[in-house]
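Engineer: following is a predicted model, sequence given first.
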Amino acid sequence: GPSADRLDVVIIGDGYTAGQQDAFHTAAAAKWADITRVEPYASYQGLMNVWTVDAVSAESGVSGDPSADVTKDTALGSYFWCSDTERLVCADIDKVASYAAKAPEADLVVVLSHSAKYGGAGYSGLEAEGYPFDGVSTLSSDNEQSSMIAVHEIAHSVGLLADEYAYDGYGTWPSGEPTD
């Protein structure tokens, strides 16, 4: 439907070489199908336009995989070990924005990082920083849990939800509702 009435989702692959673009398209379609099987995405998928944008990387894979000392030359600069957290996958948001601009009116950008390692991240509030979209979510393309990671991270990016983890032995959340 018209972008003014839809959430425009742009999926961009990182760490895929020119010869691996078909693998990116296959992974993007599979991950989006998994995501939209989960509520509330299932109920609202008709209100979303989904686009893929090819980003050709010089090297296959993602920095920080399998260890923090591994670096890869990729189109979006995706890397594990963001903020010294192994599972946190960050990307160069300026590079992400340049590729997202190739799709119509992106509201949410999903970076599909070419890796089997567990990880992801959810950025929000990017419009306030001057970007044309408000959220970016990252996930690994080939980890068996990455679809559920995407469901979680997109909730940060679009729903502006915060993490509120409850662990045995920690008791009840002592503060009020987080700003997010």
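Structural biologist: Nice, I can see it.
Engineer: can we go C-alpha only for contacts and neighbour counts from here?
Structural biologist: Fine.
Engineer: confidence score at residue 171?
Structural biologist: With respect to pLDDT, residue 171 scores 67.
Engineer: ditto for residue 158
Structural biologist: So, for residue 158, pLDDT stands at 77.
Engineer: I figured it hits residue 125, correct?
Structural biologist: No. Assessed by Cα atoms under 8 Å, residue 158 is found out of contact with residue 125, at 9.3 Å.
Engineer: grab the nearest non-local neighbour of residue 72.
Structural biologist: residue 63 (4.9 Å; Cα to Cα, 6 or more residues apart in numbering).
Engineer: for the one you found, list the residues it contacts.
Structural biologist: Shown in contact with residue 63 (Cα atoms under 8 Å, 6 or more residues apart in numbering): 69-73, 77-80.
Engineer: before we move on, what SS does residue 8 have?
Structural biologist: When classified by DSSP: H, G, I helix; E, B strand; the rest coil, residue 8 comes out as strand.
Engineer: is it in contact with residue 110, as I believe?
Structural biologist: No. Applying Cα under 8 Å as the test, residue 8 and residue 110 come out as separate, 10.8 Å apart.
Engineer: settle it for me: which of these two has more neighbours?
Structural biologist: Of the pair residue 8 and residue 110, residue 110 is the one with more neighbours under other Cα atoms under 10 Å, namely 26 against 23.
Engineer: check for me that residue 111 belongs to a helix.
Structural biologist: No. Counting by three-state DSSP, residue 111 is not part of a helix but strand.
Engineer: quick check: beta-bridge partners of it?
Structural biologist: Using DSSP bridges, the bridge partners assigned to residue 111 are residue 12, residue 138.
Engineer: count the neighbours of it for me.
Structural biologist: Neighbour number of residue 111 under other Cα under 10 Å is 28.
Engineer: from residue 24, how far off is it?
Structural biologist: Distance, residue 111 to residue 24, by Cα to Cα, to the nearest Å: 11 Å.
Engineer: give the residues shared as contacts by the two.
Structural biologist: residue 13.
Engineer: can you pull out the helices in this protein?
Structural biologist: Secondary structure of the chain, counting by DSSP state H: helices at 21-35, 41-44, 93-100, 146-157.
Engineer: hang on, the earlier thing: just list whatever residues bridge to the residue nearest to residue 72.
Structural biologist: As for beta bridges, residue 63 partners with residue 79 under DSSP bridges.
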